[in-house]
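K.L.:
Sequence plus predicted model, see below.
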Amino acid sequence: MNAVTLASPLTLPCGAVIKNRFGKAPLTEGLADPEHRATERHVRLYRRWAEGGAGLVVTGNVQVDRRYLERPGNVVIDGPQDAQALARLRAYAEAGTANGTQLWMQLNHPGRQTPRRVCEQPVAPSAVKLNLPESAFAPPRALTADEVDDVIARFAHAAKVAQDTGFSGVQVHAAHGYLLSQFLTPLVNRRTDRWGGSLENRARLLLEIVRAIRAACGPAFPIGAKLNSSDFQQGGFDNDECLQVVQWLEQAGLDHLEISGGNYEEPSMMGSKTSEGKSVAESTVKREAYFMEYAEQIRAVTKLPLMVTGGFRSRASMEQALASGALDMIGLGRPMCVETDAPDRLLAGAESVGAWEREIRPPKAGMGWFALNLIRHGDGLDPDTAMTGEEAIRAYVANEEATAQRMARPAA
C-alpha cells in the first residue's frame, strides 16, 4: 500500500473524492448583504481559497433561520429562495469549486449564542443563559417540541438548496456551543422529553438532521459534521460521550468528521487553555495539533474520514500526523485568513506557513483581527498583517455594528 501524503486523494464513503489532504476549515465571514444573501465578496474570497490548492473548502456559518444569527452578515437559507438569491449562491459555488476544489456549505443554528445586537430573544434546548455578560447575549427561551422538529426541516431544506446551487457537500455544525452542541450537553439541555436526558436523546437532533439531509440530497452527496471532542466543562459533553456519538454518526451515514472542542464559555477551540486553565500539554504543542490526542481516540472507534483543525503550521508535523493514521485531513483555519494559497505552498515544498503570525494583544482582539482580514480578501485587497490588536478591536466592533444596523430584521 502506498503511503498517504499531503497530495494523496481521499475517497469518502459516499464516493466523492477530495483531491488532496488539505481542508480549509470553516471561518465566519460576515459578508452577506442586508437581506442575508451571498455577495460578490464571497465570490472573491472563495475563488482565492479554491485557487490556493485546498482539496476541501468549508464555508463559514450559513444559518438556517434568519431570526437567529451567529453574527451580522451571515448568509441565511430558510425558505424559498428568489431568483437573485439563487443566482448569487450559484456564483459563490462556482468560484469555490474552481481548481477541482470540493466546496461544502457549513449549516448552523447558533441557539443561545445569538448576539443581542441581532436578536433580543434567542432560543436553546432549555432556558439556560450563557455565563457571559448579558449585554452581549440575552437569556434564551426553550424551544418547543414543534420548533425542534422545524429545526430538522430547516437543515434539510438548506442542504438541498446548497446541492441544487452547485455546492459539493455540506457540513453540519455541532460544535463550539451552537444549538446542536447545546442539545448534546446536559449543562444546557435540561429537557425531559425525547430530546433530553440520556445521551441517546440529547444526540437525537443531530442524528435526525443527518438522516434528513441524506433523504433530501441522496446517497452520493457528501455530508460532514463538526463535533466537539469535549466541551472542556465540568458536567458537560465529554470525550466518552463524543466517542459514542461518533459511532452513531457513522451508522447514520456521515461521510466526514471535523474534530474540535470548546464553546464561547470555554474557548478551547482557540487552542491556548484547558478547562482548568492549564496550558495545553507540551506533547500536543510539539505536534502542533490541539486536538490530535482526541483524534487518536476517535480513530479507534470509527473508520470515518477525520479532519483535525487547530495549530498545524509545519509540513513535517502535518506529514507525521497523516502517517500516524489518526487522521485523514489537515484542517487549516487561521493561516488561510492571510495565506489563501497555504496548501499550494506546502505541496510545493514550503516547510511551514504562518511566518507572519505574532501574539495579538489584547487576546480578545484575535478574532476581530482574522475576521477583518477575511473581509479584506472579499474586497479584493491584500491582508494587513501589521494591524494592531487595538486597531482590530475598534474596526471589528464598528463593522459589526454597521452591518447589524443595515440588516433586515424579522420578528422573533
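P.N.:
Alright, I've got the coordinates.
K.L.:
Am I right that Ile330 sits in a helix?
P.N.:
No - Ile330 is assigned strand when assessed by DSSP: H, G, I helix; E, B strand; the rest coil, not a helix.
K.L.:
residue contacts, it?
P.N.:
6, 21-23, 307-308, 312, 318, 321-322 (C-beta atoms under 8 Å, 6 or more residues apart in numbering). Where C-beta positions appear, they are placed from N, C-alpha and C, glycine not excepted.
K.L.:
Mind telling me what element Thr192 is part of?
P.N.:
Taking DSSP states H and E as the definition, Thr192 sits outside all helices and strands.
K.L.:
So which residues of the stretch 251-400 of the chain form strands?
P.N.:
256-260, 306-309, 329-332 (DSSP state E, counting those that start in this stretch).
K.L.:
how about TSV for those, with mean pLDDT added?
P.N.:
Formatted as TSV, the strands of the stretch 251-400 of the chain follow (pLDDT from 0 to 100):
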stretch	mean pLDDT
strand 256-260	94
strand 306-309	94
strand 329-332	96
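K.L.:
closest one to Tyr178 among those strands?
P.N.:
When those are compared by C-beta to C-beta, strand 256-260 sits nearest Tyr178, at 11.3 Å.
K.L.:
Pull the residues that contact the closest one.
P.N.:
12, 23, 25, 58, 169, 171, 175-176, 222-229, 246, 249, 269, 291, 294-295, 298, 302, 304-310, 327, 329, 331.
K.L.:
what does stretch 91-99 give?
P.N.:
Under C-beta under 8 Å, 6+ apart, the answer for stretch 91-99 is 38, 40, 42-44, 46-47, 49-51, 53, 57, 59, 103, 162, 165-168.
K.L.:
quick one, what contacts the nearest residue to Ala156 once chain neighbours are set aside?
P.N.:
Using C-beta to C-beta, 6 or more residues apart in numbering and skipping residues adjacent in sequence, the residue nearest Ala156 is Ala212, 3.9 Å away. By C-beta under 8 Å, 6+ apart, the residues touching Ala212 are 152-153, 155-156.
K.L.:
go on, Ala365?
P.N.:
Applying C-beta under 8 Å, 6+ apart, the residues near Ala365 are 389-390, 392-393, 396.
K.L.:
How many residues are close by Leu69?
P.N.:
Look at Leu69: counted by other C-beta atoms under 10 Å, it has 29 neighbours.
K.L.:
For it, which three-state class applies?
P.N.:
Assignment for Leu69 (three-state DSSP): coil.
K.L.:
My guess is it contacts Val76. True?
P.N.:
Yes - using C-beta atoms under 8 Å, Leu69 is in contact with Val76, at 7.4 Å.
K.L.:
hey, what's in contact with both of these two?
P.N.:
Gln63.
K.L.:
Take the strands of the stretch 251-400 of the chain and write them to TSV, including distance to Ala371.
P.N.:
TSV is the format used below for the strands of the stretch 251-400 of the chain (distance: least, C-beta to C-beta, whole Å):
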stretch	distance to Ala371
strand 256-260	18
strand 306-309	17
strand 329-332	16
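K.L.:
and of those, who's closest to His109?
P.N.:
Among these, strand 256-260 sits nearest to His109 (C-beta to C-beta), with 17.0 Å.
K.L.:
Show me where the protein dips below the pLDDT cut-off.
P.N.:
Scanning the chain for pLDDT under 70 picks out 1, 268-288, 411-412.
K.L.:
same thing but 50
P.N.:
272-282, 284-286 (pLDDT under 50).
K.L.:
Tell me the one of the contacts of Ala365 nearest Pro186?
P.N.:
Nearest member of the contacts of Ala365 to Pro186, counting by C-beta to C-beta, is Tyr396, at 33.5 Å.
K.L.:
Look up the closest residue to that closest one, ignoring the ones flanking it.
P.N.:
Counting by C-beta to C-beta, 6+ apart, the residue nearest Tyr396 is Gly368, at 3.0 Å.
K.L.:
roughly how far apart are that neighbour and Asn74?
P.N.:
As judged by C-beta to C-beta, to the nearest Å, Gly368 and Asn74 stand 16 Å apart.
K.L.:
Without its sequence neighbours, what residue ends up closest to Leu103?
P.N.:
Gly96 (3.6 Å).
K.L.:
how many neighbours does that neighbour have?
P.N.:
The burial count for Gly96: 28, using other C-beta under 10 Å.
K.L.:
try Lys303
P.N.:
Lys303, neighbours per other C-beta under 10 Å, totals 9.
K.L.:
picking up where we left off before, in contact with the residue nearest to Tyr396, which residues?
P.N.:
Taking C-beta under 8 Å, 6+ apart, one finds 392-393, 395-397 in contact with Gly368.
K.L.:
What distance do you get for Thr5 to Asn20?
P.N.:
Using C-beta to C-beta, which is the criterion applied here, Thr5 is 9 Å from Asn20.
K.L.:
Could you check which of the two has the larger neighbour count?
P.N.:
The residue with more neighbours, out of Thr5 and Asn20, is Asn20; 23 against 13, by other C-beta under 10 Å.
K.L.:
Please report the distance of the closest residue to Ala252 other than its chain neighbours from Gly15.
P.N.:
The shortest distance from Ala252 to any non-neighbouring residue, by C-beta to C-beta, 6+ apart, is to Val210 (4.7 Å). According to C-beta to C-beta, Val210 and Gly15 sit 17 Å apart.
K.L.:
Next: Arg90.
P.N.:
Arg90 is 24 Å from Gly15, by C-beta to C-beta.
K.L.:
For burial, what's the neighbour tally of Pro219?
P.N.:
10.
K.L.:
no, scratch that, I was asking about Asn228
P.N.:
29.
K.L.:
I'd guessed Ala342 sits against Met336; true?
P.N.:
Yes - assessed by C-beta under 8 Å, Ala342 is found in contact with Met336 at 5.8 Å.
K.L.:
joint contacts of those two?
P.N.:
Common neighbours of Ala342 and Met336 (C-beta under 8 Å, 6+ apart) are Gly52.
K.L.:
So the two - more neighbours on which side?
P.N.:
Between Ala342 and Met336, counted using other C-beta under 10 Å, the more crowded position is Met336 (28 against 25).
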